[in-house]
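Trainee: Got a predicted structure here, sequence first:
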Amino acid sequence: MGIINEQAIPFSVDDDQLLGISHLGAINNETGVLIVVGGPQYRVGSHRQFVQLSRALAQKGISSMRFDYTGMGDSTGNKKTFDNICGDIGAAVDAFISAQPQIKKVILWGLCDAASAALIYANKDARVSGLVLLNPWLRSDQAMGKTMVKYYYLQRLMSKSFWKKLISGKVNVAASARDAKGFVKDSVVTTHDIEGSYQTRMLLGLNEFKGDLCLILSGEDLTAREFDQQTLSNKAWKKLRALSNEIHRLPGADHTFSSAQFKREVEIITNEFVQRIIRN
């Protein structure tokens with residue numbers, strides 16, 4: 001097992017001071033992992049997920065860095081939206097490589113809207129050789145409507161507990177009908193790509209990215225199901241299914257892979273994907 005060497009890495013974006021934590025792997029690999037943090041999280045991650053991932057990778061000889069983007073954690077400034085952090089990611093790549101000069105190529109790792117941000121950024125930086133995307137955020141009214149109709153309302157209709165509550169008068173029929181009607185309406189709305197929308201920028205990022213991609217989807221997560229709904233049967237997103245890419249589905253996993261079992265599976269998948277890129 002490698003010796004874990006962790007170091008605080010301050011760096012700047014415009015007038016703001018950002019903070020990253022660099023983890024040095026014992027093996028002098030030229031490829032490292034940059035963990036992009038999304039949502040309300042900071043560099044530690046929910047249930048210490050990002051700390052544990054970085055240390056697990058370091059023990060396999062893989063260097064990594066996790067960081068707080070502008071306005072989050074110990075980084076100064078006003079919090080940015082996830083689709084506006086390309087400058088932060090680029091500066092973090094610079095800081096990572098400066099702290100560990102052996103690093104020549106970087107794999108971006110992100111969960112939820114951090115995965116979306118990584119996909120938007122990746123094609124802009126030739127140093128990015130791979131992406132690990134977990135439950136990417138790709139919300140739209142149409143996808144949300146289809147997902148709710150397919151995975152919630154239809155399942156409720158097949159549930160014995162629902163019919164028991166209905167018979168006993170514990171279901172607000174009028175409210176439920178209004179909600180269902182709204183989701184059905186959303187599910188059949190014709191969507192038009194809006195130039196500059198984050199969804200379109202994600203698709204452009206995918207199609208212009210030259211590296212390999214690893215997609216990890218939770219079985220018990222509406223965000224993952226929405227991403228499925230919009231991409232895996234959509235010809236515009238067919239590059240996801242390229243032979244060089246990987247798609248892993250973890251039935252039973254929640255959005256953040258919070259159990260020890262699923263965190264461990266994510267660590268194994270990430271390590272094997274990075275090792276494959278290193279070998280190639």
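Mentor: Received the coordinates, thanks.

Trainee: Break this structure into its domains for me.
Mentor: According to automatic domain parsing, the chain comprises the domains 5-139+195-279, 141-187.

Trainee: deepest of those domains, which one?
Mentor: domain 5-139+195-279 (a mean of 19; mean count of other CB atoms under 10 Å). Where you see a C-beta, it was placed from the backbone N, CA and C, and this is true even at glycine.

Trainee: Now do it, average pLDDT.
Mentor: Taken as a whole, domain 5-139+195-279 has a mean pLDDT of 95.

Trainee: how about the helices in the stretch 51-200 of the chain?
Mentor: For the stretch 51-200 of the chain, the helices defined by DSSP state H, counting those that start in this stretch cover 86-99, 113-122, 141-148, 154-157, 160-167, 173-187, 198-208.

Trainee: Can you list the neighbours in contact with the second one?
Mentor: So that's helix 113-122. 36-39, 82-83, 85-86, 89-90, 108-110, 128, 131, 133-138, 198, 201-202, 205-206, 209, 211 (CB atoms under 8 Å, 6 or more residues apart in numbering).

Trainee: Now do it: distance to the chain's middle.
Mentor: 7 Å (CA atoms, centre = their mean, to the nearest Å).

Trainee: could I get it in PDB with only the CA atoms?
Mentor: This file holds the C-alpha atoms of helix 113-122, laid out as PDB (Å, rounded to 0.1, in the frame of the first residue of the first chain):
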ATOM      1  CA  ASP A 113     -24.000  18.800 -11.000                       C
ATOM      2  CA  ALA A 114     -20.200  18.500 -10.600                       C
ATOM      3  CA  ALA A 115     -20.300  15.700 -13.200                       C
ATOM      4  CA  SER A 116     -22.300  18.100 -15.400                       C
ATOM      5  CA  ALA A 117     -19.700  20.800 -14.900                       C
ATOM      6  CA  ALA A 118     -16.900  18.400 -15.700                       C
ATOM      7  CA  LEU A 119     -18.500  17.400 -18.900                       C
ATOM      8  CA  ILE A 120     -19.000  21.100 -19.900                       C
ATOM      9  CA  TYR A 121     -15.300  21.800 -19.200                       C
ATOM     10  CA  ALA A 122     -13.500  18.700 -20.400                       C
END
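
Trainee: ok, residue 212 to residue 14 distance?
Mentor: With distances taken as CB to CB, to the nearest Å, residue 212 is found 32 Å from residue 14.

Trainee: ok, the nearest residue to residue 94 once chain neighbours are set aside - contacts?
Mentor: Closest residue to residue 94 apart from its sequence neighbours, by CB to CB, 6 or more residues apart in numbering: residue 11 at 7.1 Å. Neighbouring residues of residue 11 by CB under 8 Å, 6+ apart: 17-20, 91-92, 94-95.
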